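Engineer: Okay, sequence plus prediction incoming.
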Amino acid sequence: MPRPKQHILVCGNRRPPGHPRGSCQDRGALDLMLRLRDEIEARGLIENVALSSTSCLGPCEEGATVVVYPDSVWYGGVGPDDVPEIVESHLRSGKPVERLLVPEEAI
């Protein structure tokens, strides 16, 4: 299998209920992972794009958080409905989805 050209990291961190920072898992990270996997497979990108769940990526208030490497593009507030746009615009066309970008100061 060839090395992937891109690697997507999805924060899967879970904090105790009521934690002030919240957690990406409570904001739908599992559904997001499943949708990303399905969309990557459906578009024939499985050999070019790796997908991994992580522990905390940091900008919890921006969650669910997704990072695309090697581009170092950070997305926040991502839900399953955002996946087709991320895959088509960013992964296939190289254009990050501006409306979902995490501000530099939050990283």
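Structural biologist: Perfect, I can see it now.
Engineer: Can you pull up the most central residue in the chain?
Structural biologist: V66 (2.4 Å; CA atoms, centre = their mean).
Engineer: For it, give the beta-bridge partners.
Structural biologist: V10, Y75 (DSSP bridges).
Engineer: So it versus V49, what's the distance?
Structural biologist: Applying CB to CB, to the nearest Å, the value for V66 to V49 is 12 Å. (C-beta placed from N, C-alpha, C; glycine too.)
Engineer: repeat for I8
Structural biologist: If you measure I8 against V49 using CB to CB, the figure is 6 Å.
Engineer: ranges for the strands of the chain?
Structural biologist: Under the criterion DSSP state E, strands of the chain are mapped to 6-11, 49-54, 66-69, 73-75.
Engineer: how many neighbours does S72 have?
Structural biologist: One way to gauge burial is a neighbour count; for S72, by other CB atoms under 10 Å, it gives 8.
Engineer: What's the separation between it and C11?
Structural biologist: Between S72 and C11 the distance is 15 Å, computed by CB to CB.
Engineer: now swap in L32 and tell me
Structural biologist: To C11, L32 is 9 Å away according to CB to CB.
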